[in-house]
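Colleague: Dropping a prediction and its sequence here:
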Amino acid sequence: MEDKDLKKENHVDVKVAEAGSYDPRIIAFVCNWCTYSGADLAGTSRMKYSDNVRVIKLPCTGRIDPLFIVEAFKKGAKGVLVSGCHPGDCHYTSGNYHSRRKYATFRDLLGYFGVDLDRVEFSWVSASEGNKWVSVINEFTDKIKSMPGKSTDIFTKK
Amino acid sequence: MARIGVFVCWCGSNIAGTVDVEKVREEAAKIPGVVSALDYKYMCSDPGQNSLRNIIKEKNLTGIVLAACSPHMHENTFRKAAAKEGLNPYFVEIANIREQVSWVHENKERATAKAVDLMKMMVEKVKRDKPIEDVRVPLNKKALVIGGGIAGIQAALDIANGGVEVILVEKEPSIGGKMIQLDETFPTLDCSSCIMTPKMVEANQHPNIKLYTYSEVEDISGYIGNFKIRIKKKARSVIEKDCTGCGECWNACPMHKNIKSEFNVNLSERTAIYVPFPQAVPLVPVLDRSVCLHFKKGGKCQKCYDACGPKCINFDLQDEIIEETVGAIVASTGYDLMDTSMYGEYGYGKYKDVVSGLQFERLLSASGPTEGVIKRPSDGKTPQTIVFVQCVGSRDPEKGVPYCSKVCCMYTAKHAKLFAHKVHGSQSYVFYIDIRSTSKGYEEFVRSTMEQDGAIYLRGRVSKIYEDDGKLIVKGADTLSGNQVEIAADMVVLATGVIPKQGSDKLAQMLGISYDKYGFFTESHPKLRPAESSTAGIFLAGMAQGPRDIPESVVSGSAAASKILGLFSKNEYEVEGTIANVNESTCVACFYCQRVCAYNAISKKEIKDRSGKLIKVVANVNPGLCTGCGACVNACFSKSIDVKGFMDDQIYAEIKALAI
């Protein structure tokens, strides 16, 4: 049992070392009430997760302008995460629905711009789901790391 | 020019253990516009706050960034400290380097890099902060209570006793709601009218309560502190101030057949001019024009008019519209019983002796159609065997509703108990799924119904009820013994589930409050704000929120009242200033913002020149209703609306600060 845990930990170390070679930046737009609190809970619970993510807090996912996502890619982000309250739980009644609908229509345009749609992730993380936040971030980071770094080139200044 | 101060907190070793705080401070000092950068062991401590205040003064800061714990933790602390030095409290931004950096990452170098990034983002954000003033909304210190059942009456009385004027609007001719229809109440068996009537009278006579019965709220506009209400007072055809309630009119009315009494749930008849029940408050009859001969036969009959001593019957009275302005509202519209026609196998409506729980209450009640003697509706005989069927409609997602109606277990136990008390030697059977008796004294009450009053409880459902030789044959399952049972009963009482009052969804739409898929009003927070609706200034009480019993309804009425009294203890209502703001010069009046606003906070505003000529129409944000969610910002094509504290240029600056 202990050996296994040790191996697991070593495995994490290896990953971090690899990350040194390819260190993609991920920007997460999150709502203040559910996901931001969920991320805080992950902290108070001392859970560990990938450090590639940078969180931008907004009152509600309904405040997230699709152009923020474009801007994030333009400034070099390799992945963008949008996360808010679960459907039905929105602090502002319906902001997450607006957000979801907006993204559904915006997706195609984003693809047309040349963004690999796998680089944009939507999730619902509630204030009690610190563990979900951790797995969302880790899985998304792994996914981005597994993708070739150049596919958002048209948005990258370099 | 921005003069920003950056304060990096160690939080003991909580942050400093994983983040190189000195490095964060050094990086901060390099950012253009940052005039002071400091790190300290505990920024939230008194010395920490004092150094923050001193530097604000010394360096004449225009904004501060704290790289510290989550803003949910100490944002307010630092805002207050800044405000003490005369800095607008919204010029304080927090970079969360504890919960979202030091506690979740292990590699110090990488954690430090992330902390620096977050700090930079906040510096760029604070540079673009605009001063925000909290909005103060004046309050009209008057309350409206919609619905005069026990919850509404309790709310009205508590508010009125707090010295605030209340308008109590009731749709029916009398206040009292469902509770006044009940016979005795569980678990103490005190008679419902004995405890309810004094409250009704008190509400009617209270100098601070203005009572409108037989009236409906027709329109509501406005916001917290300033709701404009239109009440339709339906034509009663009786001049209220002159009526003595003597009863000559309804005694004289020739229409005493075929009009079912709503109060007695169709078990008796009433006249065309009537009071719903003898203790009605106000004791003023209503003339039901849909059945009155005077209105149906062209004015020939005026027997009530002739009989009336004070001559207060007036056939020409019209509906009246009353306009009021109030500062707060309680929605306590109560409930209805579910229609049970989908349970054809129970024969409700087909067999006269299959009745609903509320009908059985009327049969038990001394003021009911049988004057408290239990007589079955078909032939007036006193039943010896009654089968009670629980969960008719409740907890049945297939045909009824999935939720538990909460009161049925208890009132069925009460029915069985009262039946045993009134008809000696009788026998009752109760079909149940589970017995839910969780309040004070409830479990003991159910136990005593089983043990002392001999009610036989059968765990299982009823499959069919049919008539055979004057008896109702009830076929069901007793799942505990595994047997099919067949009981020949004289009467069957269905514990019908409860649903929100018909039309409560329309009222909710009018009020701009949210309701669940069943139509029950939803509270602002199910645990922490159970008395508040989603809209500021509108409070909830009673069964309109969901199934609950009398004590809970009273508690919720009092809770709503105390919230309102608390609100009215100040002259103004303070709203956080982080709300939407319209740029009137660029607004093109498309009103997409209005469509996405969940709070009805956006209205049309006309801009006129000096001569009164209309120049343009623009969107206008009502600070009393806006919550600052920002949905409107993204709906705006012309980029004319923004949310203070989360403005577009700030978000873009945050993203830019991360540029690789």
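Modeller: Sure thing, it's come through. Numbers count the residues shown, from 1 in each chain, chains lettered A, B, ... in the order given.
Colleague: those helices in the stretch 151-300 of chain B, which residues are they?
Modeller: Listed in chain order, the helices found in the stretch 151-300 of chain B under DSSP state H, counting those that start in this stretch are B:192-205, B:248-252, B:293-296.
Colleague: Tell me the pLDDT of A:P87.
Modeller: On the pLDDT scale, A:P87 is placed at 87.
Colleague: Phi first, then psi, for the residue nearest to it when sequence neighbours are not counted.
Modeller: In space, and not counting its chain neighbours, A:P87 is closest to A:N96: 6.3 Å by CB to CB, 6 or more residues apart in numbering or on different chains. Yep, even glycine has a C-beta here, placed from its N, CA and C like the rest. Phi and psi for A:N96, reported as degrees, to the nearest 10, are phi -70, psi -30.
Colleague: just checking, A:N96 touches A:S83?
Modeller: No. A:N96 is beyond contact range of A:S83, at 9.7 Å (criterion: CB atoms under 8 Å).
Colleague: So for the two, which sits in the more crowded spot?
Modeller: The residue with more neighbours, out of A:N96 and A:S83, is A:S83; 30 against 27, by other CB atoms under 10 Å in any protein chain shown.
Colleague: Near the nearest residue to that one once chain neighbours are set aside, how many other residues are there?
Modeller: Distance criterion CB to CB, 6+ apart; nearest residue to A:S83, sequence neighbours excluded, is A:T35 at 4.1 Å. Counted with other CB under 10 Å, residues neighbouring A:T35 total 31.
Colleague: do the same with B:R230
Modeller: B:R230 has 14 neighbours, counted by other CB under 10 Å.
Colleague: can you check B:D469 too?
Modeller: Residues near B:D469, counting by other CB under 10 Å: 6.
Colleague: Quick check: the gap between it and B:V387.
Modeller: Look at B:D469 and B:V387: by CB to CB, to the nearest Å, they are 16 Å apart.
Colleague: Repeat that for B:G12.
Modeller: Applying CB to CB to B:G12 and B:V387 gives a distance of 69 Å.
Colleague: neighbour-wise, which of those two wins?
Modeller: When B:G12 and B:V387 are compared on other CB under 10 Å, the one with more neighbours turns out to be B:V387, at 28 against 10.
Colleague: Okay, and the beta partners of that one?
Modeller: Applying DSSP bridges to B:V387 yields these beta-bridge partners: B:Y429, B:V492.
Colleague: pLDDT value on it, please?
Modeller: At B:V387, the pLDDT value in this model is 97.
Colleague: mean confidence for the host helix or strand of A:A72?
Modeller: Following DSSP states H and E, one finds A:A72 within helix A:66-74. Average pLDDT, helix A:66-74: 91.
Colleague: Within the sheet, what are the partner strands of whichever helix or strand comes after that helix, with directions?
Modeller: Next helix or strand after helix A:66-74 toward the C-terminus (DSSP H and E): strand A:79-84. Here strand A:79-84 has these sheet partners by DSSP bridges: strand A:26-31 (parallel), strand A:120-124 (parallel).
Colleague: Just give me the neighbour total for B:I150.
Modeller: Using other CB under 10 Å, B:I150 has 31 neighbouring residues.
Colleague: Same check on the one 4 residues further on?
Modeller: Residue crowding around B:Q154 was assessed by other CB under 10 Å; the count is 27.
Colleague: Distance of it relative to chain A?
Modeller: 28 Å (CB to the nearest CB, to the nearest Å).
Colleague: beta partners for the spatially most central residue of chain B?
Modeller: In chain B, the residue lying closest to the centroid (CA atoms, centre = their mean) is B:L540, at 2.9 Å. In this entry, B:L540 is beta-bridged to B:A331, by DSSP bridges.
Colleague: and residue 106, what is it in contact with?
Modeller: No chain was given, so I picked chain A. A:P66, A:I69 (CB atoms under 8 Å, 6 or more residues apart in numbering or on different chains).
Colleague: Switch to chain B, please.
Modeller: Residues near B:E106 by CB under 8 Å, 6+ apart: A:K48, B:T18.
Colleague: Secondary structure element for it, which one?
Modeller: Applying DSSP H and E, one finds B:E106 in no helix or strand.
Colleague: Would you state the helices of chain A in chain order?
Modeller: Along chain A, counting by DSSP state H, helices occupy A:2-21, A:35-44, A:66-74, A:95-113, A:130-145.
Colleague: got a pLDDT number for the residue in the stretch 301-450 of chain B that chain A sits nearest to?
Modeller: Taking CB to the nearest CB, chain A has its nearest neighbour within the stretch 301-450 of chain B at B:P402, 15.5 Å off. pLDDT for B:P402: 95.
Colleague: Skip the chain neighbours and tell me the closest residue to B:K210.
Modeller: Nearest residue to B:K210, sequence neighbours excluded (CB to CB, 6+ apart): B:I167, at 5.0 Å.
Colleague: Next up, the contacts around B:L66.
Modeller: The contact partners of B:L66, taken as CB under 8 Å, 6+ apart, are B:V6, B:F7, B:C9, B:M43, B:H74, B:F78, B:V92, B:E93, B:I94, B:A95.
Colleague: With that, I have no additional questions.
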